[in-house]
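Engineer: Build me a model from this:
(4 chains)
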There are 2 protein chains.
Amino acid sequence: MKDVAARAGVSLGTVSNVLNRPERVSDRTRRRVETAIETLGFVRNESARQLRGGGSRTLAYVVLDTSNPFFTDVARGIQETADAQGLVVYLCNSGDDPHRQAAYLDLLEQQRVEGVLITPADAADPGIAALARRGMPVVVVDRGAGPDRCSVTVDDVLGGDLAATHLLDIGHERVAFIGGPRTLGQVADRIAGAERALTRAGRGTLTVLETSRLDVAEGRRAGERLAGLPAARRPTAAFCANDLLALGLLQQMVRLGMRVPEDMAIVGYDDIEFAEAAAVPLTSVSQPRHLLGRTAADLLIAEARAPEGHVHQQVVFDPELVVRTSTRPHQ
Amino acid sequence: MKDVAARAGVSLGTVSNVLNRPERVSDRTRRRVETAIETLGFVRNESARQLRGGGSRTLAYVVLDTSNPFFTDVARGIQETADAQGLVVYLCNSGDDPHRQAAYLDLLEQQRVEGVLITPADAADPGIAALARRGMPVVVVDRGAGPDRCSVTVDDVLGGDLAATHLLDIGHERVAFIGGPRTLGQVADRIAGAERALTRAGRGTLTVLETSRLDVAEGRRAGERLAGLPAARRPTAAFCANDLLALGLLQQMVRLGMRVPEDMAIVGYDDIEFAEAAAVPLTSVSQPRHLLGRTAADLLIAEARAPEGHVHQQVVFDPELVVRTSTRPHQ
DNA sequence: CCTCGGTTATGAAACGTTTCAAGATGTGAG
DNA sequence: CTCACATCTTGAAACGTTTCATAACCGAGG
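Structural biologist: Model prediction:
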């Protein structure tokens, strides 16, 4: 900036004014400074600016897994909101590694970002609480949080209920739930929701096939187990804890020559892009991912702008059932 | 830091030494300072540190589309390398919007990141060249670049050749190419590669069904067009410019009651996770995404560490064909 | 001709670190 | 007891901005 000032024949302060309050500078001077900036290729040093007082105008989303379409959609929602407010979002991929998560949180705090959105690898990580205690606005995304933090989640019990209710409605009585481990809050909630639906209807049975992970391979394995059962006892429908399982199950059914949905109706969860693209388009429970992200960003920005008097909110959204061919043969 | 120094009864310089060169500080003092840091919850101000001289130890990957699994895999490769070097990676999603891309580049330069990896929305964007001219290390990922920049790409002509050769090998003579628009370099190269293979073999015909985009819906549409042809003239195999098209095509085939691969063999491109998860697992041309990212990051770090005497490299990797059920009925 | 008000431009302080030359303290040899 | 030397600590300068009180300038009104 010193060079720019020298070349334009003005003082440092004037260059700063051109950059930050151009209306206070006469047109002639402003133009001189601007051409000096142009010819010298001057680029503001954000560190210095930030040091002097300006905020960083930066948010960060520490995300569990960038390769999961669910989270990238959430991220898009966050970015949209941030964009509209003139803020930038850094995406940090923790890869479900608590150690990496902690490293990122450290870094972001040192970087003085305005706030952190996080889908925690380890929700109990004391680092998150400590961060918040030191005054950093934090919003937890897609995981519950206590009353001393904002969070944005989707009602998984309702999601399970919707799925099971749909299957009951179209005449299924023997339903399998595929997913696990049950220690995952989301899995437990979805099971609870399905059971709630059965209880309310007063009919139907739910057989839980617990899996060790929520991926395609486990879906295939579950398909094998289902196919191995005698037809009379075999569930006629499967509710999968996510779409990856559902896709794996569908694949195995096709491989074994069983028809979907005639021999086995399938409901997935998350409504990822590939649910619709499957050979038999998948019925799935859809979460408002985009809205999740937008709301989380809104909450964060609100807290960052008015730290005093901010009231933490725990927002819960309702999921929706999207019915497709995998539960409805005649479209 | 001043507070820490006061509380520990030492000078500012000593606190800095504890942070940066602990071996120069006596154990007693070091411990005193450390507990002061602890109790005060002191967190270094990265802006100040950076201002004074340290680099930012940060890279950025400006990516075309975070929701495309291809790019997230590349990003993982980048992150791995960066991690190993103690650098952090910010992911910036341009969403294929040249305007957003430019905004991010601006910001990153102001932030003084050590280098930028970019899969450009608009490769011709003068902003990229300008950035490089001002001394910022830049590596172009998955797009070609001139000799005045490092780039890392995959040989698309070879990929097209591999796919077509495979189809010829298993006895197909009438092959459809599905993809577009042809103005995309990658599409043109893959077509050229397929034609090269046919020419070399001296047999087979390639019918190009041009699409307006590379997505599932276009794949379905292409499937309809193919199915509408009289069986005698209809291609017996389709080579799709990416896996989304291939999945759409597969879906349409299933819907119309045509068998894959018996009535229509399908080869995709990219080998995304869902290629294997499809009802009929897809044969696909696989690109070394991970390696792409790692190599790009290596090049960038090398340039950042030794800007003088750096020689720009254009690295080209070979793709590989992964054969699955969609071209090979009897596994 | 002087004063006043308004518009522009200036200069210095401040932000929170790191670095480095120089000072203080302690140790062992002579 | 002194000196040389090593170890530890200190203080001040520097990094590149922004901000704000103040100065310079200019034209108009008295």
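Engineer: How is the closest residue to chain B within the stretch 201-331 of chain A assigned, secondary-structure-wise?
Structural biologist: Residue of the stretch 201-331 of chain A nearest chain B, by C-beta to the nearest C-beta: residue A:279 (3.5 Å). Just so you know, the C-beta spots here come from the backbone N, C-alpha and C atoms, and that holds for glycine as well. Assigned with DSSP: H, G, I helix; E, B strand; the rest coil, residue A:279 falls in the coil class.
Engineer: and the closest residue to it other than its chain neighbours, how many neighbours does it have?
Structural biologist: Leaving aside its sequence neighbours, residue A:279 sits nearest to residue B:279 (C-beta to C-beta, 6 or more residues apart in numbering or on different chains; 3.5 Å). By other C-beta atoms under 10 Å in any protein chain shown, 23 other residues sit near residue B:279.
Engineer: Now do the same contact list for residue B:279.
Structural biologist: By C-beta atoms under 8 Å, 6 or more residues apart in numbering or on different chains, the contact set of residue B:279 is A:250, A:251, A:254, A:278, A:279, A:280, B:250, B:254.
Engineer: what about 7 Å?
Structural biologist: With contact taken as C-beta atoms under 7 Å, 6 or more residues apart in numbering or on different chains, residue B:279 is in contact with A:250, A:251, A:254, A:278, A:279, A:280, B:254.
Engineer: Grab the two from those residues that are most spread out in space.
Structural biologist: Across these, no pair lies farther apart than A:251 and B:254, at 12.3 Å, counting by C-beta to C-beta.
Engineer: quick one: which of those two has more around it?
Structural biologist: residue A:251 (23 against 20).
Engineer: ok, and the closest non-adjacent residue to that one?
Structural biologist: According to C-beta to C-beta, 6+ apart, the nearest residue to residue A:251 is residue B:279 (5.5 Å).
Engineer: again with residue A:61
Structural biologist: The shortest distance from residue A:61 to any non-neighbouring residue, by C-beta to C-beta, 6+ apart, is to residue A:117 (4.4 Å).
Engineer: Can you report how many residues neighbour the one you found?
Structural biologist: 28.
Engineer: Kindly report the same for the one 10 residues further on.
Structural biologist: As a burial measure, the neighbour count of residue A:127 was computed by other C-beta under 10 Å and equals 17.
Engineer: How much space separates it from chain B?
Structural biologist: Distance of residue A:127 to chain B, computed by C-beta to the nearest C-beta, to the nearest Å: 12 Å.
Engineer: residue contacts, that residue?
Structural biologist: By C-beta under 7 Å, 6+ apart, the neighbours of residue A:127 are A:102, A:105.
Engineer: Secondary structure element for it, which one?
Structural biologist: helix A:126-133 (DSSP states H and E).
Engineer: Check whether the very next helix or strand once past that helix comes near chain B.
Structural biologist: For helix A:126-133, the following helix or strand on the C-terminal side (DSSP H and E) is strand A:138-141. No. Strand A:138-141 stays clear of chain B (C-beta under 7 Å from any C-beta of the partner chain), getting no nearer than 14.5 Å.
Engineer: Strand A:138-141 packs against which elements?
Structural biologist: Contact here means 3 or more C-beta pairs under 7 Å, 6 or more residues apart in numbering or on different chains; DSSP states H and E; on that basis strand A:138-141 packs against strand A:115-118, helix A:126-133, strand A:150-154, helix A:289-305.
Engineer: swap the cut-off to 10 Å and go again
Structural biologist: Of the remaining helices and strands, those touching strand A:138-141 by 3 or more C-beta pairs under 10 Å, 6 or more residues apart in numbering or on different chains; DSSP states H and E are strand A:58-63, helix A:69-84, strand A:115-118, helix A:126-133, strand A:150-154, helix A:289-305.
Engineer: Report the separation between residue A:200 and residue A:168.
Structural biologist: Here residue A:200 is placed at a distance of 9 Å from residue A:168 (C-beta to C-beta, to the nearest Å).
Engineer: rewinding a little: how about the helices and strands packed on strand A:138-141 in TSV, adding distance to residue A:204 and mean pLDDT?
Structural biologist: Formatted as TSV, the helices and strands packed on strand A:138-141 follow (distance: least, C-beta to C-beta, whole Å; pLDDT from 0 to 100):
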stretch	distance to residue A:204	mean pLDDT
strand A:58-63	37	94
helix A:69-84	28	93
strand A:115-118	38	97
helix A:126-133	40	93
strand A:150-154	24	97
helix A:289-305	30	96
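Engineer: which one of those lies closest to residue B:19?
Structural biologist: Taking these one by one with C-beta to C-beta, helix A:126-133 is closest: 18.7 Å.
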